[in-house]
Every structure is written in structure tokens, then in C-alpha cells.
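Engineer: Give the three-dimensional model of this entry:
(2 chains)
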Amino acid sequence: MYEELLKNTALADERFIVMTAENRALVRNLPTILGNRFIDTGITEQTMIGAAAGLALRGRTPVVHALAAFLSMRAFEFIRTDVGIGNLPVKLSSFIPGFLSDGNGPTHQAIEDISIMRGIPNMQVFAATDEQDLVTMLPKIWDSSHPSYVRICTKPSVYQHDSYFEIGKAEIISEGTDVTILVYGFMFEQAMITAEILRKQGKSVGLINMRSLKPVDEQAIIRVALRCELMVTIEDHFQTGGLYSIVAETLLKNRLTANVLPIALEERWFKPARLQEVLEYEGFTGMKMAKKISSYFEEIMVDDLNDNKLILE
Amino acid sequence: MIENKIVALESIALRVREHIIKMSTDGGCFVGASLSATDLMVYLYNDFLNISSDNLHDPNRDYLFLSKGHDVPALYGTLVEMGILGEERLQNHLSTLDNIYWHPNTKIPGVEFHSGSLGHLPSVAIGVALDCKIKGGKNLVICIMGDGELNEGSCWEAVMVANAYKLDNLIFVIDRNKFQANVATEDLIPLEPLVDKFEAFGASVTRIDGHNFQDLEEAFADIPYKKGKLNVVIADTIRGKGLPSIEARADRWFCNFSENEVQQLLEELHGTHQATLESEVMVVR
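Structural biologist: Coordinates of the predicted model:
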């Protein structure tokens, strides 16, 4: 679906150029179809980004592909300096971000990408939960005049997403008053399981697919902070600089506080293994996250009870 | 090259050097690196490239990218002499009232792209050259790089990619002034044999005296050197060229002269007086 969308977009609009730093998994069939509008610069993330900036100067919209870790970090200064300062419409498709790098090891783990990409002025940052979500989001992202970084996730959809997408808007899957889970990208499916388990425990549970991390849907975050006991952020990302930080910044900016439980990778890389085993080992399965949230929720309830007692006394 | 043309170019170059020297006070600028690249820029803009105040946004124009961005005073001066940039704006050097500072930015008419971080514009120039090729344009794309800049691996990545895509419409011009910031190139990270290095990476290379307009004309007359090959022009230059008191001195890369020194240096430029420099040398900027 991703390749089909990219092919159709490029065939319909001469401005589009498909580039890769020899990472062809998503674009295998495009060289023959696009001819000289398919450019593979070899294993040169920096040169690819610089060339993408040059193509954008000529009015092109390059959609560039590389492994998330090397795209976001090896080429970081080129993205920041050439694409960011220039505010050029270079579209970064970041392949195997977060847990998706499964058995590769820490060299390939892009778990600071959201943090560093959102630190670049003009850069818009997105994450798709699955293939359907991805192809729903991309047309507007590619149509924007700003540069963008998209965490690509092409796994089959387990949820029928809202087919409407807007930059800066989250997808509200459900609303709740006890616990609301904010999640993006690959972790969505496990978060759905978590929400279901919590519901079976009798809790009122909300679930939000953030989709657009920058600009972020501030209203969605504020609404949860005002109406829900506990907000949970789930992300296959370092705890620093990702969604937990985004929520904290949003709340502070709006002079709000809330109970927020981060489920993220705190100051460590994750154990490389088969994907399902990574989730088990790191405590990111739907079940393990539900347990963690439940117990934190109980703590809050006890704290609230004690606070009320103090007030009564 | 006919004698009249050489005289005309030399006279333009002299005025560009005056602009550079005048910018070297009240905050200063990278004087040495600007003076080494002056003749290159004067030649390219005035006698080679299809760039003028009338075609700055024409997609069929030629492109010049300044990758060693700290020599931008030479570009400011050249653009002034081309009538592309108003001379009065040079008065605003380092003022928040304008955007005339130590590295290029696109708020200056005639500046194609910002630079300052070394090793970036070779790849940006590749993107532009690729698009010109795809569209079948006759445009030429030049990227001026410093010799010290060649320490950056991204320069060599770019040479390999330009070779792979047969970008014979692209010219990398190396301002070979033999110094990086504070040290002679051959004393730090030796570059020679530089022609061999570029040739080994697939480029067609010419090496010339970068202060000799006759040489420059001959070097650029034959572009593209070989069909399907990246062109590289290594221009041997002298850092600080035109000011004997700072020429080829490792400690005169960035200079912040007093008003008095500027007056003396202007006289030195015209050969009427040898300057006595008292301002502090700046090793790192």
C-alpha cells in the first residue's frame, strides 16, 4: 500500500522524486516505473539529504528513505542545517523505527528520533500505527510545504482507522474518565490490548492515537488532563524528549497538572531479540502494561483517599 | 584572453578586495580565506556563469554554491560589483538591521543557499545538478569548496555520488590556499596528491593558478572535460592574496582590524604603503 501510494503520487505529480540511501524495502518496484525520478545515492545518508535539499531548491518534493537510526542521526546535521534552516519540503520516510528494529541491536535502535527531529524548527513529526493509518496520513503530509519526519509502520491493520487525517490532530479512539492511554506508532496494537484489559477490570478507559507529534494536538491532551484521573503515555522511545515530554510541555504551557504515567525506555537501549520477545522482556505487551497501569492507578486512588482524609481532618 | 578583459577583471577584483578589507573591522571577518577566493569568484561571475541581476530566479540560470561559507565577504563584494547586491548593505555587516554576517544566507540576493557547516553544499549542488540533468537543462552548477573543507568525509561521498550519476554539468572548484583554519593543510591532514585523489574517485581534474585570469579562462573553457564525468578545478591560491602583510600566514585567518589598520591595508592593496599591523591575531573563531 505504501509503495502503491508513492507510485501513484509520483506518477500524478512530476514534482515528486523518490530517494533512498540503498534502503529499498519500501520502494522495490519504483526504479523501473519512475526512471530518473528514482535516485539511490548508496549508503550515504548525508549526501542523500543534501541532494534532496538541492532537488527541493529546484521545486521538487523528494520523499527519502533510510533506516530510522541512520536517517535521523547520521544525517542529522544535514537535516537540521540544509532541510530545516531552508524549510524545504523534504519528506523523510523513516524505516524500522523503535522496537521494529527487533534483533538488530542498539546501533539500529532509533529511540530518540522523535526527540531530535521535533527539535528542528519547521520540521513536522508523525508516526503511523500500521499500513492503513500510514496511507491515510501521508497524502496531507506530502502535500505540506514543510519538511516532515514520518515513523513508517507497514504492518497490517488490526483496527479500522478514521479515514480523516489532519496535521496536528490526534485520532481519538475512545474516551474514558479513569485512564487514558496516549500512544503513537507501532505500540498502538499493544495499547489497544492494554485498554481492553483495563476495561474488563471495570475502568473507564480512553485511547488516543497521537498520529501528529509535531504539531501536536494540544486540545486532545488538555481534554484528557481535565477529565481523566490518569494519563498514560506509551512509546517505543527514550523517556526523554518523546511523547511524555510533549505532554509535560503541553500541560505546563497551559498551566495544568495531571497524573501522568510514562511507559517508555528510561535511559537504556532495549534487549535485541525477536519482536514479540522484545515486548515481553521489556514489559511492553498489552498485559504487562495493563498490570503496571492498574497498580499505578491504585496508588493514585489511595493517595487521593489520603488527601481527602487530611482535608476532612 | 584579451588584455582588455584581464585589465577589467583585475580592476573588479581590486574593488572586491576593497570591500573585503572594509568589512574586516568592527567585528571583523574571515579576510584571508576571502582574499584567496576573490579572483575565482570575480572570474566565474563576470566571465563564465550565466548569472546576472536579470535571471536570479530563472530555472535556466547557472548556479554557484559557496560551500566554504566563511569566504562570503568575497561573494558579497562580487555581487555588489555585479549590481546584484546594493553596496550600501555592506555597511550593515554584523548589524541586526540586515542579514550580512559571517556566513551566506538566502536573504542576500544572488546567494543560492546558506552554508557555514563544511561539507554540505557539494551534496546540495548534486541535487540541483541532478534536476538540471533530468529536465535536460544546459545549466552548469559550481560548488566552491575550501581545501581544509576536504577533511570532511561528506565531500568525498559527494564526489563518489556525482561520479555514479555522471554529473558532467557539475564543477567542484577547490580554493587550494594551503591552509585550514589555523594550520597548513599539509602539516595537519595532508591532501596531496590531490589531483590523483579526485581522479581516483572518478573525476576529471584540472589544476591551475587561481589568481591568473588567463589560466581560469582556459580551465573553464573545456567544461565538461569528459562526457559523464564530474569536473574538478583545483585552483592554487594564496591565503590573504593582495595583502602581503597577511599573505600565507596561519594566524591571519579571521581578522578584526582597527579603522587605522583598514586604511593602511587599503593602501597596501594599492601598493602605496606597507601596513603595520598591531591588532591581535585571532587563532580560533
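
Engineer: So A:M210 sits against A:D217, correct?
Structural biologist: Yes. Using C-beta atoms under 8 Å, A:M210 is in contact with A:D217, at 7.1 Å. Every residue, glycine included, has its C-beta placed from N, CA and C.

Engineer: show me where the chain has strands.
Structural biologist: Because you didn't say which chain, this covers chain A. A:16-20, A:38-40, A:61-67, A:91-95, A:124-127, A:148-151, A:171-174, A:179-183, A:205-209, A:212-214, A:230-238, A:259-265 (DSSP state E).

Engineer: try again with chain B
Structural biologist: Under DSSP E, chain B gives strands at B:63-66, B:141-146, B:170-176, B:204-209, B:231-236.

Engineer: now those as CSV including distance to A:G35 and mean pLDDT?
Structural biologist: CSV is the format used below for those (distance: least, C-beta to C-beta, whole Å; pLDDT from 0 to 100):
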stretch, distance to A:G35, mean pLDDT
strand B:63-66, 24, 98
strand B:141-146, 21, 98
strand B:170-176, 20, 98
strand B:204-209, 26, 98
strand B:231-236, 25, 98
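
Engineer: possible to save the ones you listed as a markdown table with mean neighbour count and distance to chain A?
Structural biologist: As requested, the strands of chain B are exported to a markdown table (neighbours: other C-beta atoms under 10 Å in any protein chain shown; distance: least, C-beta to the nearest C-beta, whole Å):
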| stretch | mean neighbour count | distance to chain A |
| --- | --- | --- |
| strand B:63-66 | 26 | 9 |
| strand B:141-146 | 28 | 9 |
| strand B:170-176 | 28 | 10 |
| strand B:204-209 | 18 | 20 |
| strand B:231-236 | 24 | 16 |
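
Engineer: Nearest to B:G77, out of the strands of chain A?
Structural biologist: strand A:61-67 (34.0 Å; C-beta to C-beta).

Engineer: tell me which residues in the closest one are buried?
Structural biologist: A:61-67 (16 or more other C-beta atoms under 10 Å in any protein chain shown).

Engineer: how far does that strand sit from the chain's center?
Structural biologist: In terms of C-alpha atoms, centre = their mean, to the nearest Å, the centre of strand A:61-67 is found 17 Å from the chain centre.

Engineer: circling back: so which of the strands of chain A is nearest chain B?
Structural biologist: For chain B, the closest of those is strand A:38-40, at 6.6 Å, according to C-beta to the nearest C-beta.

Engineer: So what touches that closest one?
Structural biologist: With contact meaning C-beta atoms under 8 Å, 6 or more residues apart in numbering or on different chains, strand A:38-40 is reached by A:17-22, A:24, A:27, A:30-31, A:51, B:130, B:165.

Engineer: and chain B, which of the buried residues of strand A:61-67 reach it?
Structural biologist: Contacts with chain B are made by A:P62 out of the buried residues of strand A:61-67, judged by C-beta under 8 Å from any C-beta of the partner chain.

Engineer: The buried residues of strand A:61-67 into CSV, with extra columns for pLDDT?
Structural biologist: Formatted as CSV, these follow (pLDDT from 0 to 100):
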residue, pLDDT
A:T61, 98
A:P62, 98
A:V63, 98
A:V64, 98
A:H65, 98
A:A66, 98
A:L67, 97
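
Engineer: that older thread, what's the closest of the strands of chain A to A:V83?
Structural biologist: strand A:91-95 (8.2 Å).

Engineer: Could you confirm whether the closest one reaches chain B?
Structural biologist: No. For strand A:91-95, no contact with chain B is found by C-beta under 8 Å from any C-beta; the gap never falls below 14.1 Å.

Engineer: For stretch A:90-109, buried residues please.
Structural biologist: Buried residues in stretch A:90-109, counted by 16+ other C-beta under 10 Å: A:90-102, A:108-109.

Engineer: between these, which is closest to B:I238?
Structural biologist: Nearest member of these to B:I238, counting by C-beta to C-beta, is A:V90, at 38.8 Å.
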